[in-house]
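Q: Give the three-dimensional model of this entry:
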Amino acid sequence: MIVSLDGSYRWIRPLRAEDIPFLRQWEEDPEIAYFCGRKFAPGEGDLGWWQAMLRERDRTAFAIIGPQRELIGDLELEHIAWRAGEAELRVSIGDKRYWNRGIGSAALKEALDVAFGELDCALVYLKVTEDNLRAIHVYQKLGFRKIGILPASERLPGLPRLVLMELDREGYYGNDRSAAKAGVGSTAAG
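A: Numbers count the residues shown, from 1 in each chain. Sure, this is the predicted structure:
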């Protein structure tokens, strides 16, 4: 499912079909695949992945955009459990020129505003490799807390363990970690 966003988001926009070749290219980078896993199943064509994204109600994707509105990465809320109000977050900055520049953090804030606002999630969780200390630090600054250690999934072959982290709506808004307490439409700067 593709969520339409109003124009007040600075760092995210709906993912578009023309973004897919960039996502595919970034996924072939061993360093990105190591930290972010793979979004495309082996043998899955780009069109099949995109059609599944459009039709499935339990996931949505956003493009992360840079200062010139160029595509630099993507965010996905997947495994959305509507009744439980939970979703898993996956994020990847594919354009390495934008690593460590704060844009990923700002994009995460906006995606969390959508998750807790428009999608009415009560809880967002994620999995991160235990050696990705930079990402863990960013997630903790946003209010995520470590809740467990898991074996690596099939999307991250060869990695021993993942840190499971979660953030609930109260923890996000209650700690003023969001760019705006109103829920949707913030303009977080990076």
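
Q: rest of the way, CA atoms for contacts and neighbours
A: Will do.

Q: Pull the contacting residues for the residue nearest to A33 when sequence neighbours are not counted.
A: Distances taken as CA to CA, 6 or more residues apart in numbering put E27 closest to A33, at 5.6 Å, once the chain neighbours are dropped. By CA atoms under 8 Å, 6 or more residues apart in numbering, E27 lies in contact with 33, 37-39, 94.

Q: try 10 Å this time
A: Counting by CA atoms under 10 Å, 6 or more residues apart in numbering, E27 touches 21, 33-34, 36-40, 92, 94.

Q: Could you identify the buried members of those residues?
A: Buried subset of the contacts of E27 (neighbour count, 16 or more other CA atoms under 10 Å): 33-34, 36-38, 40, 92, 94.

Q: those helices in the protein, which residues are they?
A: With DSSP state H as the criterion, the chain has helices at 20-27, 30-36, 46-55, 103-116, 133-141, 169-174.

Q: Report the angle between the strand ranked longest in the chain and helix 20-27.
A: Scanning the chain for the strand with the most residues, using DSSP state E, yields strand 71-81. Per axes from the mean of the first three to the mean of the last three CA atoms, to 10 degrees, the angle that strand 71-81 makes with helix 20-27 is 90 degrees.

Q: Buried residues of strand 71-81, list them for me.
A: Across strand 71-81, burial judged by 16+ other CA under 10 Å covers 71-78, 80.

Q: Please apply the same query to stretch 101-120.
A: In stretch 101-120, the ones that count as buried by 16+ other CA under 10 Å are 103-117, 119.

Q: Same check on stretch 8-20?
A: 9-15.

Q: Show me which of these is closest to V124.
A: Lowest distance from V124 to the buried residues of stretch 8-20 (CA to CA) belongs to I12, with 17.6 Å.
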